[in-house]
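> make a model of this:
(2 chains)
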Amino acid sequence: MFYRELLIPLLNPFSEEAKKIVQSSPPLYSLPPELIQEVLNRLSRPVPSLFTDKKLVEREVLSFYLACAGVASVSHPYSSEARLLENAVKVTIKGRMFELFKKGYEDCCLEAVRSFIKIEPILGRTIRGKEIPEKDYFRLRDRELQRLGLLGKEVDERVLLQCIPKYAIRWADLSPLLEHNRLRLSDLYLVEGWAAISPSELWHLYSEFIAVKTEEYLEDVQEKLSQVKPPPLFVEVGTQISQLVPKEKEWKLVAVKRGKLKPELFPPCIKKALQGCPAGIRNFAVSFLLTSFLSYARISPSGKPDPRIKDFVEDLSVLTDEIIPMIYEAAERCHPPLFSDQPQEKANIWYHLGFGLTEHPKLEDSGKSKWYRTPNCQKIKIQAPALCEPDEYCAHIKNPLTYYYRRLVEAKHAVQRSNTGGEEDLL
Amino acid sequence: MQFREATPEERRIYYSEEWGGRRELPDYILHTLSLREFGFDHDGSGPNDRKNQFLTVEQLENYIRTKYPYSVYVSVAQYERPSQMSGWLKAELAFDVDAKDLPVKNCCEKGQVCEKCLEEARRVVSMIGDVLRSDLGLRELRYSYSGRGFHLRVLDEAVQKMDSTARAEVVSYVIGGVVPSDLTLSLGYSKVFRTYAARILERLDERALLEGGIRKAVVTAIMQKKREVISSLAAGRIEEIRGIEGIGEKTFLKLMDLLARLNSEQEDSRVTVDTRRILRLPSTLHSGVSMKCVEIRDINKFSLDQAIPKFVSERSGS
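Numbers count the residues shown, from 1 in each chain, chains lettered A, B, ... in the order given. Model (predicted):
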């Protein structure tokens, strides 16, 4: 028998019930060190445990907040450590929802959901007076089975039921998921402002929701801890969490080193921008997209939250001899040529490289402005849709730089596989 | 109709004799006037005079009547301090369909505007409004004619706090900008995409399909059965399209990608995602074409005559 008061904080660590637990406990930094092991367990092997003992629920909530404080103490919000924690949260919450539905605690789950999202049952296949065709019902079920990797496989009747639309949720309440790129609006089946979703989708969306809340909370804690010296317990927890980040993942993220550019591995949008662009998009394509992409791809800064070019190069030759000529040539290929009517854009390029608004920079000027990061695919699609013609490598890529790095790594693997014995200058 | 530039004297006459000021300003602007940023283009070089704030409508009226600017703009956003563009409170979700930038034009050159492509732009903005209502359940929609196209502002509170990324998702949905995971569903995004895609395909010629990277043999096959292809696409009978010789999985996806790209080019998504954008103030003059930017009560009954200033009628009458 589970009690509502104990289930809500397990489903929503940001609920009033969970906050009360934290408020009535000793400060997080003074918690007993043996809790560290619980935090590490929660991250390394997330288990959707459900408890009937109040003390265990309290420890669960406290270990969540300690994990957040630890991660925020040693890394930035979008670090591998943060991703590890968010992923553990998702797995745990989704698993708990699944278990509770199975055990007949659907109402309690819906109560947790309702603290963020309006949800109603779908009655008679009708949403807001509009009937969903039967054919769509089954197509939606199959789509969900496909998402779960179960389409075409023999599945239990109960699993099928979990994949059939049962609830209507208000799409606008899902805007945090849209804002964090965790949901495509076009993936929802929308009728009159409400999305038809199955229990399985509900567990998924709700767990994503809590992951977003965790991400936002981590940002807050990170900001607060950046002003002070983090307590030793937090640093200890954070350091141990860092060691849990899978080495393979770490390597994939940071293995790319500084090196000559390989234009043949550039994504389609960059290749197109290098060929020159028409008037409507040339400023974005040249001054912003190419400038940021080529500089980051060539210099590959790492280990600093706000990098400056001068921290990674000894002189400006890498820019003046390699990157700037490529940008200027692309500008010349624009129609009309970019600098012919907008010569001030030359200074803008240096501005985006972090040297302030100048045409004659010195290395020490680096840091006068921000070194602009490469815009995400989403932004490119919006600012210059004509540049976005995805190829087969673009699937699941959110930033052109990731595309390039991934292809560099793949190329390195290919070289290793071919066992030529020579040292390829790829990375 | 000739879209000719207005002279400074015509602008002065318009604002002193014809412009109704407060009477013609939309309610949603009047009620939030002091929270909005106003921008002005004084000489046709662009809205360089920004970050203006007016505490009363009289101040705004006096300013416009005295300066008779080339163009007047107002922010979609509301701020605590509009004169600094700081303290962002919220922003209308805005859509901009410009007749000169429609991706498929069979009337005049790209970059030009004629009555035909204005009518086309009106239909697109009307379709966007339909999707916002039927799928997204939004109700507070305000249309205006912008001089070269149409603006649609959504005032529902549910969308006004959304950031650019969420707005990008909305625009992608309402214009059919991505290929859906299931093309056959009767309602929802699948239907939205198909409706736009079928409409675009209807207007595409052989050259456009070839330029879109579709093989010549396939283009020929599509053009021969264009009616059937459009009807199958609109109805979600995808297998019928795949049944055409030469259209394998890869080609089909290429065709859908092309249609999704053209769909997305029907609206200027940069406007929609920009939460600090300024748009032409309804009731003011688009001096580049000598037309009034007017609020539209019923987009399906809009006629260009509503936007012709008196000085233009007199100009053509004389």
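
> only C-alpha atoms from now on, for both contacts and neighbour counts.
Will do.

> wait, a strand at B:Glu80?
Yes. Assessed with DSSP: H, G, I helix; E, B strand; the rest coil, B:Glu80 lies in a strand.

> give me the neighbour count for it.
14 (other C-alpha atoms under 10 Å in any protein chain shown).

> I figured it hits B:Lys90, correct?
No. Contact criterion C-alpha atoms under 8 Å: B:Glu80 and B:Lys90 do not qualify, at 10.1 Å.

> now A:Arg83: how far from A:Ile127?
Note on A:Arg83: its distance to A:Ile127, by C-alpha to C-alpha, to the nearest Å, is 36 Å.

> who has more neighbours out of these two?
Neighbour totals were compared for A:Arg83 and A:Ile127, and A:Ile127 leads with 21 against 16 (other C-alpha under 10 Å).

> residues from chain A in reach of chain B?
A:132-133, A:135-136, A:139, A:143, A:171-172, A:175, A:178-181, A:184-194, A:378, A:382-383, A:385-386 (C-alpha under 8 Å from any C-alpha of the partner chain).

> Produce a ChimeraX select command limited to the buried residues of the residues you listed.
The following ChimeraX line selects those of the residues of chain A next to chain B that are buried, judged by 16 or more other C-alpha atoms under 10 Å in any protein chain shown:
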select /A:132,136,143,171,172,175,178,179,180,181,184,185,186,188,189,190,191,192,193,194,378,382,383,385,386
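
> so which of the residues of chain A next to chain B are in strands?
A:Leu190, A:Val191, A:Trp194 (DSSP state E).

> ok, A:Ser340 to A:Gly280 distance?
A:Ser340 is 15 Å from A:Gly280, by C-alpha to C-alpha.

> sketch out the low-pLDDT regions of the stretch 251-400 of chain A for me.
A:251-258, A:300-307, A:392, A:395-397 (pLDDT under 70).

> which residues touch stretch A:22-33?
The list of residues contacting stretch A:22-33 from outside it, by C-alpha atoms under 8 Å, 6 or more residues apart in numbering or on different chains, reads A:Val61, A:Leu62, A:Tyr65, A:Leu66, A:Pro231, A:Pro232, A:Leu233, A:Phe234.

> list the buried ones in it?
Within stretch A:22-33, the residues scored as buried using 16+ other C-alpha under 10 Å are A:Val22, A:Leu28, A:Tyr29.

> so which of the residues you listed is the closest to B:Lys100?
A:Val22 (59.1 Å; C-alpha to C-alpha).

> name the element that closest one belongs to?
helix A:16-23 (DSSP states H and E).

> which is the next helix or strand following that helix?
Following helix A:16-23 in sequence, per DSSP H and E, is helix A:35-44.

> show me what that following helix is packed against.
Using 3 or more C-alpha pairs under 8 Å, 6 or more residues apart in numbering or on different chains; DSSP states H and E, the elements in contact with helix A:35-44 are helix A:54-74, helix A:80-102, helix A:232-244.

> between the ones you listed, which one is closest to A:Tyr328.
Once the helices and strands packed on helix A:35-44 are compared by C-alpha to C-alpha, helix A:80-102 is nearest, at 36.3 Å.

> touching the closest one from outside, list them.
With C-alpha under 8 Å, 6+ apart, helix A:80-102 has contacts from A:10-11, A:42-50, A:67-68, A:71-72, A:75-76, A:106, A:109, A:200, A:203-204, A:206-208, A:210-212, A:214-215, A:218, A:241-242, A:245, A:250.

> helices of chain B, residue ranges please.
B:8-13, B:27-30, B:57-67, B:115-134, B:157-160, B:164-175, B:189-203, B:206-211, B:216-224, B:226-235, B:238-242, B:249-264, B:269-273, B:310-317 (DSSP state H).
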